[in-house]
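**Q** Show me how the following folds:
(one chain, ligands or ions: 2)
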Amino acid sequence: MSSDPAAPSSEGSTRGLILGIESSCDETAAAVVERGCRQLSSVVASQMATHAPFGGVVPELASREHLRNIVPVVRGALSAAKVGFRDLDAVAVTEGPGLAGALLVGITYAKTLAFALGRPLLAVNHLEGHIHAVLLQQSERHGERVPLPALALVVSGGHTHLYLARQQGDTWHYRNIGRTVDDAAGEAFDKVAKLLGLPYPGGPWIDALAAHGSPNAVPFAFSQIKAKAHRRQDPESRQESLAAETLFSFSGIKTAVLRYVEKHAMHASIDMRRQALAAISYLTAPVALQFCDRQTLDLIASFQHAVVENLKRRTFAAAEHYGVASLLICGGVAANSELRASLTAEAEARGLPIAFPSPALATDNAAMIAAAAWPKLVARDFAPLNISAQPNLRLGVTEAVTAGTASYG
Ligand code: KG4
Ligand code: ZN
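**A** Ligands and ions are numbered 1, 2, ... in the order given. Okay, here's the model as predicted:
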């Protein structure tokens, strides 16, 4: 058995072409990636307009939109890559985590296609996909491999996780050393934006508007989360305090923003903003800015700054503790400009290589799924055709940490 699927295959293109399919949340995406390191195409059908009126993703609508989009999106990805179905060497699909009904659409399509073509099916964890978005782009841009072990911060609408990532032969190994105990960071961005009358998803709006406010106007304090780590293999006492350092909590800051809004009687102006923005068919950040007073802009800037500082502190504490060789920042929130600038400056000061995906590869896409699937194809780690959606799928080994809650000033 060869370790290179491209060489001995009597079928497919022998180019190592993987069709990736992603449908875990509100984006239907397909992409063709060559040997895990070169995007031939990446097509994303966003459902933002469908969910925006509800201020969040409606699972039933998401499934329906995926059903509607999956065939044209896959066709679009093949045609943009200038390949046909028979050129594919494998079909990769997101197995989880995500919305059950949404995942099922991609999985069912991928299974059927793999069966019909007689090609292997590869099941990919969405979070591993986000990590491979950065690795893919690093090899596309610089032709370089990221120094390992790496610490990956996966920070998106559904997740805030820290993973130690390393490679042994063709296989990647992950150790989950940090996570949120309540809301994900992106969720906090979305909820705070909604609270302030800004459109869904809120992250990009907060990002654009924060630049116009003062980040220190409203002091938001993240207190230490009480944590208890149960580690059998590494009983060092330092481990317990690190566990507390790598637990995130973002529901408290959302409540703190709400309290600020109530205390300063901002509801009436927020309602006016919400109605005014909803009536604008093509809303841009400069237009939204005109509907935000100084107090609101300061609140937005302070909120973003507090979240970014918190992510930064915990990420670098873990990086130092584990002595990692590089940092990978991925997921939708990795598109945030303050996060990118702040973490890049800190990494440079410490002489630690850091990499982010481009904004297009930071949010959900299928190129990252096809890229993450390549080592699995090489290792012939094929998925059976009876796989199903795994809404709560975890990535790698998880350290058991129990936590209390955090409070915020
Ligand atoms: O990775 P993603 O597309 O989907 C999930 O797997 O959750 O991430 C979407 C999240 C949303 O919460 C969105 O508000 C946030 O990423 N996001 C941002 C920015 N762009 C997207 N958050 C902060 N700043 C941004 N520029
Ligand atoms: Zn995602």
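
**Q** Let me see the contact set for H212.
**A** H212 is in contact with 289, 292, 297, 301, counting by Cβ atoms under 8 Å, 6 or more residues apart in numbering. For the C-beta atoms, the positions are set from N, CA and C on the backbone; glycine is no exception.

**Q** So which residues on the stretch 201-350 of the chain come close to ligand 2?
**A** Residues of the stretch 201-350 of the chain found near ligand 2 (Cβ under 5 Å from the ion): none.

**Q** Where does the stretch 201-350 of the chain get nearest to ligand 2, residue-wise?
**A** G331 (5.7 Å; Cβ to the ion).

**Q** ok, and for the helix or strand where H305 lies, which residues are buried?
**A** H305 is part of helix 294-322 when elements are defined by DSSP states H and E. Of the residues in helix 294-322, 295-312, 314-319, 321-322 count as buried by neighbour count, 16 or more other Cβ atoms under 10 Å.

**Q** Give me the three-state assignment for the residue nearest to G396 when sequence neighbours are not counted.
**A** Setting aside the residues directly before and after it, G396 is nearest to Y174 in space (Cβ to Cβ, 6 or more residues apart in numbering), at 2.9 Å. Under DSSP: H, G, I helix; E, B strand; the rest coil, Y174 falls in the strand class.

**Q** tell me the pLDDT at Y174?
**A** On pLDDT, Y174 comes in at 97.

**Q** wait, isn't I107 in contact with I387?
**A** Yes. Between I107 and I387 there is a contact at 6.5 Å, judged by Cβ atoms under 8 Å.

**Q** before we move on, back to that, what count of nearby residues applies to the residue nearest to G396?
**A** 21 (other Cβ atoms under 10 Å).

**Q** Please name the bridge partners of it.
**A** Legend: beta-bridge partners of Y174 under DSSP bridges are A165.

**Q** State which one residue of the stretch 151-300 of the chain is found closest to ligand 1.
**A** G203 (2.2 Å; Cβ to the nearest ligand atom).

**Q** That residue touches A184, doesn't it?
**A** No. At 10.8 Å, G203 does not count as touching A184 under the criterion of Cβ under 8 Å.

**Q** mind checking how far L19 is from G118?
**A** 14 Å (Cβ to Cβ, to the nearest Å).

**Q** Of the two, give the one with the bigger neighbour count.
**A** Neighbours per residue (other Cβ under 10 Å) separate L19 from G118, with L19 holding more: 33 against 9.

**Q** give me phi/psi at the more buried one?
**A** The phi/psi pair for L19 (degrees, to the nearest 10) reads phi -90, psi 120.

**Q** Look at G20 and give its secondary structure.
**A** Three-state assignment for G20 (three-state DSSP): strand.

**Q** looking only at pLDDT, what's the mean for stretch 89-102?
**A** 97.

**Q** same deal with stretch 322-337?
**A** 97.

**Q** Just the buried residues of that stretch, please?
**A** Of the residues in stretch 322-337, those buried (16+ other Cβ under 10 Å) are 322, 324, 326-336.
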